[in-house]
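Novice: Here is my input, please return the structure:
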Amino acid sequence: MIGARRRLGARPPTLLILLAAAFAVPEARAAPPGHQEADTLRGTVRAVEEGAGVEVITGFHLALRVVYVRVDGETRVTAADRPVALAELEPGQVVRIRLREGVEGPVAATIEAVRPGDAPGGLR
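Specialist: Predicted coordinates for the structure are as follows:
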């Protein structure tokens, strides 16, 4: 038993050295010029204000929050891969919203009504 400990202790910790080297080298993953990662919000429609915005309930586990997302003339709203009017969204509907930066803060670039089987967590 003592000899086994001595043998293990005498070997250089190769795995530890390799892991340290892998994390010591920073990766340069710069986004292409003019490309900015879009924020995505997933949640359940609480209320719709035609032409103004939509209130969405979102969260993680039991930490829920209500978020108001503004829309403008460039916002695309879809359901079942076809364009729909914002007013066609109903409370309780699960949506995926891609945000972009607007003049007065975040604005919805796209609002996609998610079919129940495709919803996060497999909602049915």
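
Novice: shaky segments in the chain?
Specialist: Scanning the chain with the threshold set as pLDDT under 70 gives 1-38, 117-124.

Novice: can you map out the helices along it?
Specialist: Remark: helices assigned in the chain by DSSP state H are 2-10, 14-24.

Novice: contacting residues around the longest strand along the chain?
Specialist: Once the chain is assigned using DSSP state E, the strand that runs over the most residues is strand 39-49. Contacts of strand 39-49 from elsewhere in the structure, counted by C-beta atoms under 8 Å, 6 or more residues apart in numbering, are 54-59, 66-67, 69, 86-87, 89-99, 106, 114, 119-120. Quick note: C-beta positions are derived from backbone N, CA and C, even for glycine.

Novice: and P116, how many residues sit next to it?
Specialist: Counted by other C-beta atoms under 10 Å, the residues lying close to P116 total 10.

Novice: wait, isn't it in contact with Q93?
Specialist: No - the criterion here is C-beta atoms under 8 Å, and P116 misses it with Q93 at 9.5 Å.

Novice: For burial, what's the neighbour tally of A108?
Specialist: Counted by other C-beta under 10 Å, the residues lying close to A108 total 24.

Novice: Ok, T75 next?
Specialist: Burial measure for T75: 21 neighbouring residues, criterion other C-beta under 10 Å.

Novice: Run through the strands of this structure in chain order.
Specialist: Using DSSP E, the strands assigned to the chain run over residues 39-49, 53-60, 63-70, 76-79, 82-83, 94-102, 105-113.
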